[in-house]
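Novice: structure of the sequence below:
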Amino acid sequence: GKYVVNGGISTWTLVNFYERTPGAFPDGSLNIPEGGNGVPDILDEARWEMEFMLDMQVPEGQPLSGMAHHKLHDLVWSGVPSMPPTEFDNDSPTNGRYLMPPSTAATLNLAASAAQCARVCVSLTREFADRCQLAAERAWDAALANPSMFYGRIPGNGGGDYGDNNVDDEFYWAAAELYITTGEAEYLDFINASPLFTRFSRMLPIWWGGTGALGSISLAIVPNGLPEEDIARIRDQIVRAADGYLGTSEVEGYRAPMGANGYVWGSNSGVLNNALILALAYDFTGEQQYLDGVVSSMDYLLGANAVNQSFVSGYGTTSMQHPHHRFWGNQGNYPAPPPGALAGGPNGSPSDPTAIEAVNTLPTARRYIDHIGSYSTNEVAINWNAPLA
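Specialist: Predicted coordinates for the structure are as follows:
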């Protein structure tokens, strides 16, 4: 399936990387089809997902205009392995991808990430920037008009649910991105009225269902109209959060910035998102301890962990080779995973039969298996791979 709430945080992460370090991944630095178009490659990658999210917005003149469809996927779980949907007839009741209803969470993900893309693309591709800004503003207005369209299991098979029945964080994030991009008072008023504006730690950890911290991070690093004392306060709160992660890493056996309760589905993305906070603290203070924390996080992902394995395909003498993925299908006529794919990682409550049988009685940090059948420990996802950049 394809999911807007995964797309939002993934797009934001790549574009935020560009806003922090615009010289990284310049045009032609990656082996992608868009190379040579005059646009930094990292923004080309972000645009790929942004185009999908824009297409998920309900058109003008239709019921719920401006809202974003939550996701699209098959009506039944597709087999493993299987070819990409573009390679076979995917327009049939038994083998097709279907558009699911809109949700407030998806709509606010679109509003936030489209506003962010609009400001970074304005000097590169003005037409696309204008398209993004219009979509962001339409999405914001639609979310205000429909603040409680929470997604449930519709139909409940063939794709992940990604339900989110608390969108206070998404509203705050979207308001922050729109304010930075437009400077309009409507969004500033919303930011100031939100209790999240003064409570950075309340918005952690960062994940697809908890995105408020993204708004504060953008306010802390992208020039905007906030008073200097507000920006300084946000930065100080980020540094204090980083101190907490350093404290955690110091008592963890493998020095990851994640405690015992962090071993959930996609735990490796938690390591990376916490490392992002450490990296920001280093940017703000220049203190070596925060950079060391980032390095320790990468050490954990690349093999200094309880299973003695790199969770990143193609990196390390013993690296992940058999991800749960439809067309990296672990068969001779299917491609192997390319270098750089990140496994979800140890899961204290594995839910797939493969992991339950093989690792469920092991200590929590060892509940991982490099097997194509282990979707709860060895799946790959864009919102886990984006912070690996």
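Novice: low-confidence ranges in this protein?
Specialist: Across the chain, residues meeting the criterion (pLDDT under 70) sit at 93-94, 152-156, 330.
Novice: show me the helices in it, by range?
Specialist: In the chain, the helices defined using DSSP state H lie at 4-20, 41-55, 104-121, 126-145, 168-182, 185-193, 212-221, 228-251, 267-285, 288-301, 353-359, 382-385.
Novice: for the shortest one, packing partners?
Specialist: Counting contacts by 3 or more Cβ pairs under 8 Å, 6 or more residues apart in numbering; DSSP states H and E, helix 382-385 packs against helix 4-20, helix 267-285. Where C-beta positions appear, they are placed from N, C-alpha and C, glycine not excepted.
Novice: in it, what's buried?
Specialist: 382, 383, 384, 385 (16 or more other Cβ atoms under 10 Å).
Novice: do the third one as well
Specialist: By neighbour count, with 16+ other Cβ under 10 Å as the criterion, the buried positions of helix 104-121 are 104-121.
Novice: what angle do it and helix 168-182 make?
Specialist: 20 degrees (axes from the mean of the first three to the mean of the last three Cα atoms, to 10 degrees).
Novice: now find how far off-centre helix 104-121 is within its chain.
Specialist: When distances are taken as Cα atoms, centre = their mean, to the nearest Å, helix 104-121 is centred 13 Å away from the chain's centroid.
Novice: again, but for the first one
Specialist: Relative to its parent chain, helix 4-20 has a centroid offset of 6 Å by Cα atoms, centre = their mean.
Novice: what's it packed up against?
Specialist: helix 41-55, helix 104-121, helix 212-221, helix 382-385.
Novice: buried set for it?
Specialist: For helix 4-20, using 16+ other Cβ under 10 Å, the buried residues are 4-19.
Novice: just want the angle from it to helix 41-55.
Specialist: Going by the same axes, to 10 degrees, helix 4-20 makes 150 degrees with helix 41-55.
Novice: for helix 4-20, C-alpha coordinates in CSV please.
Specialist: Coordinates of each C-alpha in helix 4-20 appear next as CSV, following Å, rounded to 0.1, in the frame of the first residue of the first chain:
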residue,chain,number,x,y,z
VAL,A,4,-0.1,9.7,3.2
VAL,A,5,0.8,9.6,6.9
ASN,A,6,4.0,7.8,6.1
GLY,A,7,4.6,10.1,3.2
GLY,A,8,4.3,13.2,5.3
ILE,A,9,7.0,12.4,7.8
SER,A,10,9.3,10.9,5.2
THR,A,11,9.0,14.0,2.9
TRP,A,12,9.5,16.3,5.8
THR,A,13,12.7,14.5,7.0
LEU,A,14,14.3,14.7,3.6
VAL,A,15,13.4,18.4,3.0
ASN,A,16,14.4,19.2,6.6
PHE,A,17,17.8,17.6,5.8
TYR,A,18,18.1,20.0,2.8
GLU,A,19,17.0,23.0,4.9
ARG,A,20,19.7,22.2,7.5
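Novice: got the contact list for residue 68?
Specialist: 4, 53, 56, 57, 58, 102, 103, 106, 107, 109, 110, 139 (Cβ atoms under 8 Å, 6 or more residues apart in numbering).
Novice: biggest separation within those, which pair?
Specialist: Distance extremes for those: the farthest pair is 58 and 109 at 14.4 Å, using Cβ to Cβ.
Novice: ok, the closest residue to residue 114 other than its chain neighbours - how many residues close by?
Specialist: Once flanking residues are discounted, residue 114 sits nearest to residue 136: 3.8 Å by Cβ to Cβ, 6 or more residues apart in numbering. Residues near residue 136, counting by other Cβ atoms under 10 Å, number 28.
Novice: to residue 304, which of the helices and strands packed on helix 4-20 lies closest?
Specialist: Nearest to residue 304, of the helices and strands packed on helix 4-20 and by Cβ to Cβ, is helix 382-385 at 18.7 Å.
Novice: export stretch 269-283 as PDB, just CAs?
Specialist: Coordinates of each C-alpha in stretch 269-283 appear next as PDB, following Å, rounded to 0.1, in the frame of the first residue of the first chain:
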ATOM      1  CA  SER A 269      13.400   4.400  13.200                       C
ATOM      2  CA  GLY A 270      13.100   5.500  16.800                       C
ATOM      3  CA  VAL A 271      16.900   5.200  17.100                       C
ATOM      4  CA  LEU A 272      17.300   7.400  14.100                       C
ATOM      5  CA  ASN A 273      14.700  10.000  15.000                       C
ATOM      6  CA  ASN A 274      16.200  10.300  18.500                       C
ATOM      7  CA  ALA A 275      19.600  10.700  16.800                       C
ATOM      8  CA  LEU A 276      18.100  13.600  14.800                       C
ATOM      9  CA  ILE A 277      17.500  15.400  18.100                       C
ATOM     10  CA  LEU A 278      21.100  14.700  19.100                       C
ATOM     11  CA  ALA A 279      22.300  16.100  15.800                       C
ATOM     12  CA  LEU A 280      20.200  19.300  16.200                       C
ATOM     13  CA  ALA A 281      21.700  19.800  19.700                       C
ATOM     14  CA  TYR A 282      25.100  19.500  18.200                       C
ATOM     15  CA  ASP A 283      24.200  22.100  15.600                       C
END
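Novice: quick revisit: so which of the helices of the chain is the most packed in?
Specialist: Of all the helices of the chain, helix 104-121 has the most neighbours on average by mean count of other Cβ atoms under 10 Å, namely a mean of 29.
Novice: so which elements touch that helix?
Specialist: Against helix 104-121 (3+ Cβ pairs under 8 Å, 6+ apart) you get helix 4-20, helix 41-55, strand 68-69, helix 126-145, helix 168-182, helix 212-221.
Novice: got a markdown table for those, with distance to residue 264 too?
Specialist: Listed next are these as a markdown table, based on distance: least, Cβ to Cβ, whole Å:
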| stretch | distance to residue 264 |
| --- | --- |
| helix 4-20 | 16 |
| helix 41-55 | 24 |
| strand 68-69 | 26 |
| helix 126-145 | 28 |
| helix 168-182 | 18 |
| helix 212-221 | 17 |
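Novice: between the ones you listed, which one is closest to residue 265.
Specialist: Across those, closest to residue 265 is helix 4-20 (Cβ to Cβ), at 13.0 Å.
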